[in-house]
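>>> Fold the stuff below for me.
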Amino acid sequence: MSNPALRPEDSQRFALRATPPIRAYLIAAVGSVIGAVLVVGWQSGWHLVLGVVGIAVLLLALLLALAATVLTWMFQTTLLVQRDTLTVTSGRRRTVFNWRDIAEINVKGARLVVSPVDGSKPMVAYVNPRQIGQPGFQALGSLLAARLDASRGYRID
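Numbering: from 1, shown residues only. Alright, predicted model coming up:
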């Protein structure tokens, strides 16, 4: 039987997503409601200070929701596993490794660390810690191990 890690037609994409920022969205929603109540109250004759505070709370709630969304997007990592290369895309950063140039790949806490053979700075991608025990993440780990083994000449028969 031939080594399945060496089939050139294999190209698999894995998306590692950050945990949705539910707490930040909840705080932003509550802040928006409180801010809106203060602004409406100000328009109904409440003191001017309450209106200013309401506008400030609305703006902060909007900024919190926006920041949570942007950070969630930035912490998304995509791995493209191909026959000869591993491509890691995290935010705007895209790094391509040849399998023979990778010393090791480890999961340390919520980080996926790809260490090059030449001893240069390891590439770090952030992973949702809840994904580590999931079958999809386990399949990624098995595939990465098989590709590293194949690049070193190990055969699976």
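
>>> Summarise which helices and strands the helix or strand of the chain with the lowest mean pLDDT is packed against.
Taking mean pLDDT, DSSP states H and E as the measure, the helix or strand of the chain with the lowest value is strand 123-126, at a mean of 76. Secondary structure elements in contact with strand 123-126, counted by 3 or more C-beta pairs under 8 Å, 6 or more residues apart in numbering; DSSP states H and E, are strand 77-81, strand 85-90, strand 111-116. Bear in mind the C-beta positions are built from the backbone N, C-alpha and C, glycine included.

>>> Adding distance to residue 11 and mean neighbour count, write those out as CSV.
As requested, those are exported to CSV (distance: least, C-beta to C-beta, whole Å; neighbours: other C-beta atoms under 10 Å):
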stretch, distance to residue 11, mean neighbour count
strand 77-81, 7, 18
strand 85-90, 10, 18
strand 111-116, 18, 17
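
>>> what's the least confident stretch among these?
Ranked by mean pLDDT, these end with strand 111-116 at the bottom, a mean of 84.

>>> Pairing partners for it, with directions?
Under the criterion DSSP bridges, strand 111-116 sits next to strand 102-108 (antiparallel), strand 123-126 (antiparallel) in its sheet.

>>> mind giving me the domain ranges of the protein?
The domain map for the chain lists 4-17+76-151, 22-74, with the assignment taken from automatic domain parsing.

>>> and the ones you listed, which one's lowest on average pLDDT?
Taking each of those in turn, the one with the lowest mean pLDDT is domain 4-17+76-151, at a mean of 81.

>>> Run the chain-centre distance for that one.
In terms of C-alpha atoms, centre = their mean, to the nearest Å, the gap separating the centre of domain 4-17+76-151 from the centre of its chain is 13 Å.

>>> looking at this structure, which residue lies furthest from center?
The C-alpha centroid of the chain is most remote from residue 45, which lies 46.9 Å away (C-alpha atoms, centre = their mean).
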